[in-house]
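Asker: the sequence isn't on hand, but the structure is:
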Ligand SMILES: NC(=O)c1ccc[n+]([C@@H]2O[C@H](COP(=O)([O-])OP(=O)(O)OC[C@H]3O[C@@H](n4cnc5c(N)ncnc54)[C@H](O)[C@@H]3O)[C@@H](O)[C@H]2O)c1
Ligand SMILES: O=c1ccn([C@@H]2O[C@H](COP(=O)(O)OP(=O)(O)O[C@H]3O[C@H](CO)[C@@H](O)[C@H](O)[C@H]3O)[C@@H](O)[C@H]2O)c(=O)[nH]1
């Protein structure tokens with residue numbers, strides 16, 4: 001397959017990964033972004049997101065002369081055979097996907113696209129967006145194709161180069177083939193379909209993943225009540241390949257830049273289509289009630305009075321990012337739990353290994369500590385919210401010495417009970433009748 005000229009609009013998690021990886025596959029890529037500061041830094045191979053392998057992939061592609069960055073979207077697409085839209089589609093009014101960036105870029109490129117070029121939408125968008133972009137472009141010679149992206153943050157380069165499947169939705173077979181050919185060096189099954197099915201596939205995937213997590217979190221609560229252990233129960237069910245063991249780890253709710261906004265967007269689509277999908281509604285609601293229940297657990301022990309007020313009670317939070325391996329805080333369940341604790345009056349100090357250098361302004365919510373022991377100063381309890389592996393090896397004796405209480409709530413089931421017990425701390429896991437009593 002000959003190398004093609006590719007333009008990528010938007011250089012976030014998806015766009016930068018797509019651009020750098022397509023260049024690594026031998027294509028000639030120009031990436032455009034509306035943020036001039038980002039463009040400047042990327043030209044020097046400076047990648048500001050925590051994404052293993054991405055800085056090296058960008059640097060190698062720049063050195064090979066196969067990757068360029070520009071702030072000029074129209075100039076980026078002028079020579080392109082294929083144009084990828086990797087633009088944000090955040091949660092908009094009423095939960096619907098906000099398509100403003102996609103629509104704005106369609107307007108910017110409509111007159112400069114090469115005759116016969118293919119526009120590929122990689123953003124997560126509602127069914128009908130391919131058609132809408134086609135109408136905005138108003139170019140009979142240009143085909144718009146849907147090619148949703150399934151990469152995970154923290155594994156973006158790996159997932160892009162080793163996808164489980166490549167979904168391409170196109171009304172035109174030749175355009176679909178052109179997009180498929182860009183990936184011909186990858187060993188992945190192709191799902192060739194129409195645009196509506198491709199667009200819905202992305203939402204269906206994220207809904208299903210969120211549904212598994214809400215299931216696991218509810219099941220964890222049931223385990224606690226019944227004296228069962230969630231790890232054993234999920235292993236027991238997960239070994240059935242019809243169920244699968246992935247995505248069944250209980251936690252402080254699910255979050256991140258995609259699952260929350262995409263489940264809400266799909267719910268809006270259901271409402272607009274007159275389709276009742278109670279499972280989707282329950283998936284979203286379960287996440288909220290689960291987080292409230294976790295906060296009740298903390299308040300029941302550390303709170304004061306009948307209502308379990310946490311007024312003035314200091315808590316140390318370990319982990320704020322939405323999962324380990326990323327510095328992304330968007331829709332982090334850790335922040336959602338922190339907000340609920342704060343509403344109850346708690347004073348919060350937080351330590352997160354990804355936020356030692358990059359210091360986001362979270363001053364309304366938590367005080368950021370750059371040291372895990374210092375974070376525990378005066379804390380009635382510690383609460384683990386992100387599964388950073390290094391939290392397993394904290395100096396629990398030093399932490400216990402700074403605390404006023406002795407409870408450690410491990411809402412990721414990350415920690416070993418023994419080192420905590422030696423430090424005189426009580427470990428409370430999630431979905432476990434008694435973490436301390438467990439053998440092995
Ligand atoms: N983050 C993920 O893990 C992931 C995975 C699969 C799909 N998606 C989807 O891909 C899309 C992009 O997500 P992301 O996480 O990469 O977003 P992001 O916020 O990380 O990056 C978006 C980029 O687009 C740029 N941009 C915004 N408006 C622009 C415009 N008008 N012209 C040019 N550039 C513009 C921004 O400056 C930013 O650099 C979303 O629809 C998302 O749902 C994301
Ligand atoms: O067993 C698990 C697995 C995940 N999570 C939580 O679920 C959320 C989402 O995690 P993950 O799916 O790894 O995050 P993302 O990187 O946002 O990736 C999701 O969202 C992307 C954007 O649409 C998709 O491309 C990916 O396929 C999809 O996994 C996070 O809060 C995790 O902590 C758990 O609590 N338990």
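Answerer: Received, thanks. These figures come from a predicted structure and were not determined experimentally. Residues are numbered from 1 along each chain as shown. Ligands and ions are numbered 1, 2, ... in the order given.
Asker: what ranges does the stretch 1-150 of the chain have for its strands?
Answerer: For the stretch 1-150 of the chain, the strands defined by DSSP state E, counting those that start in this stretch occupy 5-9, 28-32, 67-70, 82-85, 118-121, 143-146.
Asker: and these as a markdown table, adding distance to ligand 2 and mean neighbour count?
Answerer: Quick note: C-beta positions are derived from backbone N, CA and C, even for glycine. Output for these, formatted as a markdown table (distance: least, Cβ to the nearest ligand atom, whole Å; neighbours: other Cβ atoms under 10 Å):
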| stretch | distance to ligand 2 | mean neighbour count |
| --- | --- | --- |
| strand 5-9 | 17 | 27 |
| strand 28-32 | 19 | 25 |
| strand 67-70 | 22 | 22 |
| strand 82-85 | 15 | 27 |
| strand 118-121 | 14 | 27 |
| strand 143-146 | 14 | 27 |
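Asker: and residue 184, what element?
Answerer: Using DSSP states H and E, no element contains residue 184; it sits outside every helix and strand.
Asker: related to what we said a few turns ago, how about JSON lines for the strands of the stretch 1-150 of the chain, with mean pLDDT added?
Answerer: Below are those laid out as JSON lines (pLDDT from 0 to 100):
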{"stretch": "strand 5-9", "mean pLDDT": "98"}
{"stretch": "strand 28-32", "mean pLDDT": "98"}
{"stretch": "strand 67-70", "mean pLDDT": "98"}
{"stretch": "strand 82-85", "mean pLDDT": "98"}
{"stretch": "strand 118-121", "mean pLDDT": "98"}
{"stretch": "strand 143-146", "mean pLDDT": "98"}
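Asker: what parts of the stretch 151-300 of the chain come near ligand 1?
Answerer: For the stretch 151-300 of the chain, the residues in contact with ligand 1 (Cβ under 6 Å from any ligand atom) are 151, 153, 257, 258.
Asker: need the nearest residue in space to the second one, chain neighbours excluded.
Answerer: This points to residue 153. residue 326 (4.5 Å; Cβ to Cβ, 6 or more residues apart in numbering).
Asker: gap between the one you found and residue 367?
Answerer: Going from residue 326 to residue 367 by Cβ to Cβ, to the nearest Å gives 22 Å.
Asker: near ligand 2, list only the ones from the residues of the stretch 151-300 of the chain next to ligand 1.
Answerer: Applying Cβ under 6 Å from any ligand atom to those, one finds that 151, 153, 257, 258 fall near ligand 2.
Asker: can I get those in TSV including pLDDT?
Answerer: Shown next, in TSV, are these (pLDDT from 0 to 100):
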residue	pLDDT
151	98
153	97
257	97
258	98
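Asker: buried among those? Make that a PyMOL selection.
Answerer: In PyMOL syntax, the buried subset of these is picked out as below (16 or more other Cβ atoms under 10 Å):
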select buried, resi 151+153+257+258
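Asker: quick revisit: which pair of the residues of the stretch 151-300 of the chain next to ligand 1 spans the longest distance?
Answerer: 151 and 257 (11.7 Å; Cβ to Cβ).
Asker: what sits in contact with each of these two?
Answerer: residue 13 (Cβ atoms under 8 Å, 6 or more residues apart in numbering).
Asker: ok, residue 317 - contacts?
Answerer: With Cβ under 8 Å, 6+ apart, residue 317 has these contacts: 334, 338, 348, 349, 350, 351, 366, 375, 382, 383, 385.
Asker: so which of the residues you listed comes closest to ligand 2?
Answerer: Taking Cβ to the nearest ligand atom as the measure, ligand 2 lies nearest residue 334 of those, at 8.4 Å.
Asker: mind listing what that closest one touches?
Answerer: Per Cβ under 8 Å, 6+ apart, neighbours of residue 334: 252, 255, 317, 319, 320, 321, 322, 385, 386.
Asker: would you mind listing what in the stretch 201-350 of the chain touches ligand 2?
Answerer: So the stretch 201-350 of the chain meets ligand 2 at 206, 209, 213, 247-249, 251, 254-259, 262, 322-323, 333 (Cβ under 6 Å from any ligand atom).
Asker: among those residues, which lie within helices?
Answerer: Among those, the ones falling in helices (DSSP state H) are 206, 209, 213, 259, 262, 333.
Asker: next, give phi and psi for residue 410.
Answerer: The phi/psi pair for residue 410 (degrees, to the nearest 10) reads phi -100, psi 90.
Asker: measure it to residue 226 for me?
Answerer: 20 Å.
Asker: who has more neighbours out of those two?
Answerer: residue 410 (23 against 10; other Cβ atoms under 10 Å).
Asker: quick check: bridge partners of the residue nearest to the more buried one when sequence neighbours are not counted?
Answerer: What sits nearest to residue 410 in space, not counting adjacent residues and going by Cβ to Cβ, 6+ apart, is residue 384, at 4.5 Å. Here residue 384 sits in beta bridges with residue 318, residue 410, going by DSSP bridges.
Asker: run a quick neighbour tally on residue 384.
Answerer: Residue 384 is flanked by 28 other residues according to other Cβ under 10 Å.
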